[in-house]
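>>> what would the 3D arrangement of this be:
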Amino acid sequence: ADSYMHSYFVLHVINGKPMMGETTNRTAVQEFILEGFPAVQHLGNVLFLVHLLAYLASITANMLIITITWADHHLQTPMYFFLSSFSFCECCFITTVIPKLLVIFLSGRQTIPFTTCLMQAFSFLFLGSTIFFLMAVMSLDRYLAICKPLHYPTIMSLKTRFYLVTACFVMDFTLITGLMVKVSQLSFCRPPVIPHFFCDLGPLIQLSCSDTRSIEILAFDLISFILFTSLIITIIAYGNIVVTIVRLPSVKERQKAFSTCSSHFIVLSLMYGSCVFIYVKPKQIDRLDSNREAALVNTVVTPLLNPIIYTLRNKQVHQALSDALSRVKL
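Residues are numbered from 1 along each chain as shown. As a prediction, the model looks like this:
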């Protein structure tokens with residue numbers, strides 16, 4: 001991105017004049033340059049088509065889940081209520097990142113305004129962390145359904161479901177807003193080239209010429225709290241589920257219960273694996289290149305696989321789709 005660094009290095013000097021020997025200090029960056037994937041940029045048209053198809057497939061599949069969940073009364077249960085909320089969040093999550101990546105592949109336009117960059121980083125972190133807490137809530141839902149079946153309808157009422165989903169959004173919005181306010185107050189004086197395909201938190205912090213130690217610690221603590229709190233809740237829930245399933249007298253019942261939960265395990269492994277690899281380390285300077293590939297899994301591959309994994313062996317969803325197609329034909 002050297003040519004972009006020279007042609008788009010747009011800086012405005014605060015307070016009029018830079019001090020002698022500090023030509024890049026005390027400056028405000030108007031634009032950032034997203035490096036993308038320079039090693040394969042010559043394949044821009046092919047990569048644009050591949051990622052566009054993946055994006056459209058992911059949006060279509062998730063929107064299909066939302067639509068049939070609300071349209072079919074057989075699917076208006078707590079599990080599908082949470083799944084539709086999860087799908088909605090996934091649609092918003094990938095839309096914060098993929099459209100800009102498509103622009104980079106198709107036209108080579110790698111610049112992104114400062115404010116837009118901060119908004120993208122905020123949206124990515126907010127929606128991503130909300131997805132993790134929704135996964136934890138979905139784990140609790142499965143725990144209650146399998147381990148407390150008699151009390152399940154009473155506990156998981158519509159009001160409870162609404163409160164749980166709202167709590168996920170409100171808590172993550174509060175946490176990420178506080179973090180991004182601090183990031184927005186940083187001074188950026190280095191060449192504004194972000195070695196990533198979107199405005200992620202780590203690369204942004206590295207470009208600052210301010211003292212970032214306190215923000216790095218805060219970001220590490222917040223992201224660790226979000227990831228590990230949701231993971232611990234999920235592990236406890238599924239630990240109890242496994243114990244309950246093992247005690248079931250019928251082999252057929254055990255297979256059915258494990259089949260219901262196995263898809264959730266696959267999604268959890270993909271999401272937590274990539275995010276722990278990217279974020280749960282105090283320093284990220286030496287691992288940005290590998291982070292790009294892990295982030296691509298998290299923003300393109302996983303959202304595409306999630307609706308497939310959740311619905312592939314789900315007979316209720318298959319039946320709802322068949323009924324919907326029958327009504328359309330009529």
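>>> show me the helices in the chain, by range?
Here the chain has its helices, by DSSP state H, at 2-7, 44-71, 78-95, 98-107, 114-147, 152-155, 158-184, 201-206, 213-246, 251-279, 288-296, 302-311, 315-329.
>>> any idea of the mean pLDDT in the last one?
Spelled out, it's helix 315-329. When pLDDT is averaged along helix 315-329, the result is 65.
>>> tally of neighbours for residue 173?
For residue 173, the count of nearby residues is 15 (other CB atoms under 10 Å). No exception for glycine: its C-beta is placed from N, CA and C like everyone else's.
>>> who's in contact with it?
For residue 173, the set of contacting residues under the criterion of CB atoms under 8 Å, 6 or more residues apart in numbering consists of residue 126.
>>> do residue 210 as well
Neighbour list for residue 210: 186-187 [criterion: CB under 8 Å, 6+ apart].
>>> mind checking the helices of the chain for the one nearest to residue 195?
Among the helices of the chain, helix 288-296 comes nearest to residue 195, with 4.9 Å by CB to CB.
>>> lowest-confidence helix or strand of this protein?
Every helix and strand of the chain was ranked by mean pLDDT, DSSP states H and E. The lowest is strand 11-13, at a mean of 37.
>>> poorly predicted segments of the stretch 1-150 of the chain, please.
Under the criterion pLDDT under 70, the flagged ranges of the stretch 1-150 of the chain are 1-28.
>>> could you check how far residue 72 is from residue 44?
According to CB to CB, to the nearest Å, residue 72 and residue 44 sit 41 Å apart.
>>> whoops, I mixed them up, residue 317
Using CB to CB, we find residue 317 at a distance of 37 Å from residue 44.
>>> more crowded one of those two?
Using other CB under 10 Å, the more surrounded residue of residue 317 and residue 44 is residue 317, with 22 against 17.
>>> my guess is that one meets residue 75, correct?
Yes. Here residue 317 reaches residue 75: they are 7.3 Å apart, a contact under CB atoms under 8 Å.
>>> so which of the helices of the chain comes closest to residue 33?
Between residue 33 and those, the tightest spacing by CB to CB is seen for helix 2-7, at 4.8 Å.
>>> quick one: contacts for the residue nearest the centre of the chain?
Nearest to the centroid of the C-alpha atoms of the chain, with distances taken as CA atoms, centre = their mean, sits residue 128, at 3.1 Å. Contact criterion CB under 8 Å, 6+ apart gives 93, 275, 298 as the residues in contact with residue 128.
>>> quick one on the thing from earlier: what is in contact with residue 317 and residue 75 at once?
Each of residue 68 lies in contact with both residue 317 and residue 75 under the rule CB under 8 Å, 6+ apart.
>>> circling back to that earlier point, can I get the helices of the chain in TSV including distance to residue 35?
Rendered in TSV, the data for the helices of the chain read as follows (distance: least, CB to CB, whole Å):
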stretch	distance to residue 35
helix 2-7	8
helix 44-71	14
helix 78-95	20
helix 98-107	9
helix 114-147	13
helix 152-155	49
helix 158-184	19
helix 201-206	9
helix 213-246	21
helix 251-279	16
helix 288-296	9
helix 302-311	23
helix 315-329	40
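>>> a markdown table for the contacts of residue 128, including distance to residue 223 and neighbour count?
Output for the contacts of residue 128, formatted as a markdown table (distance: CB to CB, whole Å; neighbours: other CB atoms under 10 Å):
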| residue | distance to residue 223 | neighbour count |
| --- | --- | --- |
| 93 | 16 | 23 |
| 275 | 8 | 23 |
| 298 | 13 | 24 |
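>>> residue 222 contacts residue 175, doesn't it?
Yes. With contact defined as CB under 8 Å, residue 222 reaches residue 175; the gap is 5.6 Å.
>>> what comes up buried for stretch 110-120?
Buried residues in stretch 110-120, counted by 16 or more other CB atoms under 10 Å: 110-112, 114, 117-118, 120.
>>> same thing with stretch 186-200?
Going by neighbour count (16+ other CB under 10 Å), the buried part of stretch 186-200 is 186-189, 191-200.
>>> tell me which of the residues you listed fall in strands.
Among these, the residues falling in strands (DSSP state E) are 193-194.
>>> quick check, residue 310 in contact with residue 62.
No. Contact between residue 310 and residue 62 fails when scored by CB under 8 Å: they sit 9.8 Å apart.
>>> more crowded one of the two?
The residue with more neighbours, out of residue 310 and residue 62, is residue 62; 26 against 23, by other CB under 10 Å.
>>> identify the residues contacting the more buried one.
With contacts defined as CB under 8 Å, 6+ apart, the neighbours of residue 62 are 87-88, 90-91, 303, 306-307.
>>> many thanks, we can stop here.
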